[in-house]
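A.B. asks: Model the following, please.
(chains A and B)
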Amino acid sequence: MNDLLTIEDVAISFGGIQALRDVSLTARTGEVAGVIGPNGAGKTTLFNCISGLLTPDRGSMTFDGHHLHALGNPMLRARRGIGRTYQTPRLFRSISVGDNLMMGCRAANAARRGYDFDPTLAELRPEERARRIADLVGYRGALDTPASSLSFGEMRVIELARALCASPSLLMLDEPASGLDVGQAQDLVGLVRDLADLGLAVLLIEHDMSVVMGVCEDITVLDFGSVIARGAPREIQENQDVLDAYLGKAH
Amino acid sequence: MSTTAEFQTDAPPAPDGIAVASRPGRTVPSRALVARTIGGTLLAAFVLAGPKLFTWAGPAGAYDFGLTVAMLVVAVSVLAWIGEISLAVVAQMGLGMVGLSWLQDHTSFPLAVSLVLVTLSSIPTSLILGLFCLRLRGVNFVIASLAFAGMTQKAFFQKVLGAATSLHGRVSRPSLVRSDGALYYLIMFSLIAVVIGLYLLQRSRMGTALASLRDSETAFWTLGYSPAAYKLFVVCLSGAIATLAGAYYGLLQGTVPSFYFNPGLAIVYFGFAVAGGMGSIGGALGGGLFFGAMPKYLEVLWPSIYNKFDFLFYGLVALVIIVWVPGGLAGLGRRFWARVEGRS
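C.D. replies: Numbers count the residues shown, from 1 in each chain, chains lettered A, B, ... in the order given. A predicted model of the protein is given here:
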């Protein structure tokens, strides 16, 4: 397993608020790295810095041997293999599910990228690729369904499929289990695990601890923009600082 | 009960439980087929007859004016594809007229070539406007486009080209389109070409991408697309249509007072686009033609009444449509057509 993404001492502030303070973490191919923390801890801000929507004030981010700053804007980063989903699904609602996936496939074609998690996908036509990836994430509806008519859980699944269609090497999932029922969340754990086993690096923000503990090899805990703990799930569960951040010092 | 297969909405599940995506059955029910045949024939007859249908109400020029307004409203509506509103279309329209006048004065190109060149000449100004569009969104872009239009009017149309009331340039008509009736066919042909082009564009990969951009620019960007390139394309497309409309406006009027390019008029045309159904090409056509031609006819039919109450026409009718007709004239048309085809 090699380090695909290395973040060192990244900091960003908005006005007087320090959203991230000297955050460091690593995402490796074949591994799921979790980022947890209370609301407002800076998790999504970190994702936005990695995907290029925000520019850190300082610190370095290296992706696949390249400085992310040099890779430029979100489009160029996506074409290098950084894929993501959002806390609130951002599907293209006015087109169909299939067209959403095709948008991802065409982005992969434009970037001339293969699929780390299934190299055979690159040989398929985009339409067939979209169908295969819909199958992979367990979407059971028709692809010509309007995206606006999907349930919240289906939107999450299709957003994940769309990100996969764009052939990421690093997949960043922002609270993918929120809004899913227990069964769906378990399926998601299995899918994320499979994707990592197939060669993707996965960064996961999640509040559902059963998901985080069940799938992550390494967990970074943020609180008020700072890393307060980092380690294996067992270590994090027993870390006093983490318990204080989540439950309050008086627990 | 129709004699043909109904639309198939759900594909049968595949053996592994995953539904196979297939295109829905495209067989058209017989009632809809009859309705479309009759509707298409009526539309073709309406297009071919053009202003001849309304000779009792006013001159052919009124109808031609409606068509140029319709083209301009289409230009406004195209920008809605990326969720933006521009009030600079009137300035771009003016530049089209001025461009055609200049070409006629300095070259001996045939009209068709001049029209193509005028349309292409919109690209630099559209790119300037596009730069605002990349930096600003929503109300901020509206204000920027209004400022752009204001500057163009004050600094170019008034100072450079002439006084506040008239422009130096004249646009003369080639013999082929000497009459308003003949000019109608030229404008209508161009409008049909524009509409077909836009229709095909909306249904192409580019159209899908533009719909995606409008739905979520952030997701579009982080998926690996450039919002800037697509936005610039749409701003240039809208500018080209507005400029072409200006060229036709020049042909129609011969000479045009510079106050016709008052940026405030862009708000009126935007109102037509909203009343027509923002983002809908058919709605923009209907709204532009209705609000462009109707006042001209009313002015001829009942001059004393209309001249006193013209504000009611623009204000009240547009307000009624915007407030009480969801989706504007396009929505009304869609509902009517669904009823005709027996879909509701």
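
A.B. asks: Show me which residues of the stretch 101-250 of chain A sit near chain B.
C.D. replies: A:102-104, A:106-108, A:110-111, A:130-131, A:134-135, A:138-144, A:162-163, A:166 (CB under 8 Å from any CB of the partner chain). Where you see a C-beta, it was placed from the backbone N, CA and C, and this is true even at glycine.

A.B. asks: Give me the subset of those that lies in strands.
C.D. replies: Nothing among those maps onto strands, per DSSP state E.

A.B. asks: dump the residue contacts of the residue of the stretch 151-251 of chain A found nearest chain B.
C.D. replies: Nearest residue of the stretch 151-251 of chain A to chain B: A:Ala166, at 5.5 Å (CB to the nearest CB). Each residue near A:Ala166 by CB atoms under 8 Å, 6 or more residues apart in numbering or on different chains is listed here: A:Ala78, A:Gly83, A:Gly104, A:Cys105, A:Ala107, A:Ala108, A:Ala111, B:Leu223, B:Gly224.

A.B. asks: so where do the helices sit in chain A?
C.D. replies: In chain A, the helices defined using DSSP state H lie at A:43-51, A:68-71, A:74-80, A:97-111, A:126-137, A:152-165, A:182-197, A:209-215, A:233-237, A:240-247.

A.B. asks: Nearest approach to B:Met294 belongs to which of the ones you listed?
C.D. replies: helix A:97-111 (38.6 Å; CB to CB).

A.B. asks: buried set for that closest one?
C.D. replies: Buried residues in helix A:97-111, defined by neighbour count with 16 or more other CB atoms under 10 Å in any protein chain shown: A:97-109, A:111.

A.B. asks: Need the phi and psi values for the residue of the stretch 151-251 of chain A closest to chain B.
C.D. replies: A:Ala166 adopts backbone torsions of phi -80, psi 10, taken as degrees, to the nearest 10.

A.B. asks: Please tell me how far it sits from A:Ala134.
C.D. replies: 14 Å (CB to CB, to the nearest Å).

A.B. asks: who touches the residue nearest to A:Gly37 when sequence neighbours are not counted in this structure?
C.D. replies: Leaving aside its chain neighbours, A:Gly37 sits nearest to A:Leu222 (3.7 Å; criterion: CB to CB, 6 or more residues apart in numbering or on different chains). Contact analysis of A:Leu222 by CB under 8 Å, 6+ apart lists A:Val23, A:Val35, A:Ile36, A:Gly37, A:Ala41, A:Gly42, A:Lys43, A:Leu46, A:Ile228.

A.B. asks: Including pLDDT, could the contacts of A:Ala166 go into CSV?
C.D. replies: What follows is the contacts of A:Ala166, written out as CSV (pLDDT from 0 to 100):
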residue, pLDDT
A:Ala78, 96
A:Gly83, 96
A:Gly104, 96
A:Cys105, 96
A:Ala107, 96
A:Ala108, 95
A:Ala111, 93
B:Leu223, 97
B:Gly224, 96
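
A.B. asks: Closest one of those residues to B:Ser280?
C.D. replies: For those, the nearest to B:Ser280 is B:Leu223 (26.6 Å; CB to CB).

A.B. asks: and the closest one, what does it touch?
C.D. replies: Counting by CB under 8 Å, 6+ apart, B:Leu223 has contacts A:Ala78, A:Gly83, A:Met103, A:Gly104, A:Ala107, A:Arg162, A:Ala163, A:Ala166.

A.B. asks: my guess is the fifth one contacts B:Gly224, does it?
C.D. replies: Yes. With contact defined as CB atoms under 8 Å, A:Ala107 counts as touching B:Gly224 (3.5 Å).

A.B. asks: Give me the common contacts of those two.
C.D. replies: Common contact partners of A:Ala107 and B:Gly224 (CB under 8 Å, 6+ apart): A:Ala78, A:Arg79, A:Ala166.

A.B. asks: B:Phe132: which of those is nearest?
C.D. replies: A:Ala78 (25.7 Å).

A.B. asks: Dihedrals phi and psi, the nearest residue to the closest one once chain neighbours are set aside?
C.D. replies: Nearest non-adjacent residue to A:Ala78, counting by CB to CB, 6+ apart: B:Gly224, 3.7 Å away. B:Gly224 has phi and psi values of phi 120, psi 20 when expressed as degrees, to the nearest 10.

A.B. asks: from what I can see B:Gly224 touches A:Asn73, true?
C.D. replies: No. B:Gly224 is beyond contact range of A:Asn73, at 10.6 Å (criterion: CB under 8 Å).

A.B. asks: Give me the more crowded residue out of those two.
C.D. replies: Counted by other CB atoms under 10 Å in any protein chain shown, B:Gly224 and A:Asn73 do not tie: B:Gly224 has more neighbours, with 28 against 16.

A.B. asks: Quick check: the gap between the more buried one and B:Gly271.
C.D. replies: Taking CB to CB, one finds B:Gly224 at 38 Å from B:Gly271.

A.B. asks: what does A:Gly81 give?
C.D. replies: A:Gly81 is 47 Å from B:Gly271, by CB to CB.

A.B. asks: More neighbours: those two, which one.
C.D. replies: Neighbour count, other CB under 10 Å: between A:Gly81 and B:Gly271, A:Gly81 has more, with 23 against 20.

A.B. asks: Give the full set of residues in contact with the closest residue to that one other than its chain neighbours.
C.D. replies: Of all residues not flanking A:Gly81 in the chain, A:Ser169 sits nearest, at 3.5 Å (CB to CB, 6+ apart). Neighbour list for A:Ser169: A:Leu4, A:Thr29, A:Asp64, A:Arg80, A:Gly81, A:Ile82, A:Asp116, A:Leu200, A:Ala201 [criterion: CB under 8 Å, 6+ apart].

A.B. asks: Angles on the backbone of A:Ser169, please.
C.D. replies: Dihedral angles (degrees, to the nearest 10) for A:Ser169: phi -100, psi -30.

A.B. asks: Which residue, other than its chain neighbours, is closest to the residue in the stretch 51-200 of chain B that chain A sits nearest to?
C.D. replies: Residue nearest to chain A within the stretch 51-200 of chain B: B:Trp81 (10.5 Å; CB to the nearest CB). Among residues not flanking B:Trp81 along the chain, B:Leu210 sits closest, at 4.9 Å (CB to CB, 6+ apart).

A.B. asks: Point out where the stretch 51-200 of chain B drops to low pLDDT.
C.D. replies: For the stretch 51-200 of chain B, residues meeting the criterion pLDDT under 70 lie at B:160-169.

A.B. asks: Break down it into its helices, ranges please.
C.D. replies: Ranges of helices within the stretch 51-200 of chain B are B:60-79, B:89-106, B:111-120, B:122-135, B:138-151, B:180-202, based on DSSP state H, counting those that start in this stretch.

A.B. asks: how many degrees apart are the second one and helix B:122-135 in direction?
C.D. replies: When you say that, I think you mean helix B:89-106. Interaxial angle of helix B:89-106 relative to helix B:122-135 (axes from the mean of the first three to the mean of the last three CA atoms, to 10 degrees): 160 degrees.

A.B. asks: how about the CA coordinates for helix B:89-106, as CSV?
C.D. replies: What follows is helix B:89-106, C-alpha atoms only, in CSV (Å, rounded to 0.1, in the frame of the first residue of the first chain):
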residue,chain,number,x,y,z
VAL,B,89,-28.9,41.6,-24.7
VAL,B,90,-30.3,45.0,-25.9
ALA,B,91,-26.8,46.4,-26.1
GLN,B,92,-25.7,43.3,-28.1
MET,B,93,-28.8,43.8,-30.3
GLY,B,94,-27.7,47.3,-31.0
LEU,B,95,-24.2,46.2,-31.9
GLY,B,96,-25.7,43.8,-34.4
MET,B,97,-27.5,46.7,-36.1
VAL,B,98,-24.5,48.9,-36.1
GLY,B,99,-22.3,46.1,-37.3
LEU,B,100,-24.6,45.4,-40.3
SER,B,101,-24.7,49.1,-41.1
TRP,B,102,-20.9,49.3,-41.0
LEU,B,103,-20.5,46.3,-43.2
GLN,B,104,-23.0,47.7,-45.8
ASP,B,105,-21.1,51.0,-45.8
HIS,B,106,-17.6,49.5,-46.1
